[in-house]
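**Q** Build me a model from this:
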Amino acid sequence: MTRKAGPEETNTQEGGPDAGAPTQRIAAIDLDQSLGARRSPEVEHERRIAIFDLLEENCFSPHDCDPGPYSLSLGLQDNRLVLDIRHIDDGRSLRSIQLSLSPFRQIVRDYFMICESYYEAIKTAPPSRIEAIDMGRRGIHDEGSRILQSRLKGKVTVDHNTARRLFTLICVLHIRG
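**A** The predicted structure follows:
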């Protein structure tokens with residue numbers, strides 16, 4: 001990620017209603033923390049940035065749902081990614097979407113591997129090596145976001161940047177404690 005600033009809180013539920021904001025958007029997000037994962041400082045930083053950027057700007061339009069803004073809970077259950085979409089104002093459930101994790105397995109594994117290489121490289125490698133690894137990291141991240149957009153087709157419309165940030169959060173959910 002290129003953005004380096006963001007909130008430092010570690011609360012799992014972040015965001016809230018935004019007066020005057022577009023309605024087809026995520027206004028709050030919650031990650032299932034029941035998996036008890038211990039995340040590295042780098043992963044925790046990426047999580048915070050993804051949530052901050054996502055809440056700042058996103059396009060999230062569930063099909064066949066009341067207008068938002070929305071509260072989104074992401075979790076893993078029985079080898080499935082669960083997206084629980086609620087109306088931000090009254091918390092009423094609008095839609096729950098379950099996606100198989102199988103299409104994400106290899107891309108998440110590849111993303112973790114290249115991120116490890118990137119975090120190691122920034123310690124000692126020359127800038128040209130870091131840039132090359134980062135280009136690969138961005139490419140894998142883009143592929144993960146395309147897979148997510150494809151899996152959500154017909155259920156939720158998201159733009160590319162929203163899909164990228166959600167893919168980051170899906171990767172965070174895959175970390176086991």
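**Q** drop to CA atoms for contacts and neighbour counts, all remaining ones
**A** OK.
**Q** following the helix-or-strand element of the chain with minimal mean pLDDT, which helix or strand shows up next?
**A** One helix or strand of the chain scores below all others by mean pLDDT, DSSP states H and E: strand 13-15, with a mean of 44. Downstream of strand 13-15, the next assigned helix or strand under DSSP states H and E is strand 26-31.
**Q** Distance from that next one to the middle of the chain?
**A** 10 Å (C-alpha atoms, centre = their mean, to the nearest Å).
**Q** Show me the shaky parts of this protein.
**A** Scanning the chain for pLDDT under 70 picks out the ranges 1-22, 34-38, 176-177.
**Q** Okay, helices next: where are they in it?
**A** Listed in chain order, the helices found in the chain under DSSP state H are 41-56, 102-124, 127-152, 160-173.
**Q** Out of those helices, indicate the one that is most buried.
**A** Highest mean neighbour count of these: helix 160-173, a mean of 21 (counted as mean count of other C-alpha atoms under 10 Å).
**Q** Helix 102-124 and that one, what's the angle between them?
**A** In terms of direction (axes from the mean of the first three to the mean of the last three C-alpha atoms, to 10 degrees), helix 160-173 departs from helix 102-124 by 90 degrees.
**Q** Nearest to residue 92, out of the helices of the chain?
**A** helix 41-56 (19.8 Å; C-alpha to C-alpha).
**Q** Using CSV, write down the CA coordinates of that closest one.
**A** Below are the C-alpha coordinates for helix 41-56, written out as CSV (Å, rounded to 0.1, in the frame of the first residue of the first chain):
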residue,chain,number,x,y,z
PRO,A,41,3.0,-5.1,13.3
GLU,A,42,3.2,-5.0,9.5
VAL,A,43,0.0,-6.9,9.0
GLU,A,44,-1.8,-4.9,11.7
HIS,A,45,-0.6,-1.7,10.0
GLU,A,46,-2.0,-2.9,6.7
ARG,A,47,-5.3,-3.8,8.4
ARG,A,48,-5.6,-0.3,9.8
ILE,A,49,-4.7,1.4,6.6
ALA,A,50,-7.2,-0.8,4.6
ILE,A,51,-10.0,0.0,7.0
PHE,A,52,-9.2,3.7,7.1
ASP,A,53,-9.0,4.0,3.3
LEU,A,54,-12.1,1.9,2.9
LEU,A,55,-14.2,4.0,5.2
GLU,A,56,-12.8,7.2,3.6
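**Q** roughly how far out does it sit from the chain middle?
**A** On C-alpha atoms, centre = their mean, the centre of helix 41-56 falls 8 Å from the chain's centre.
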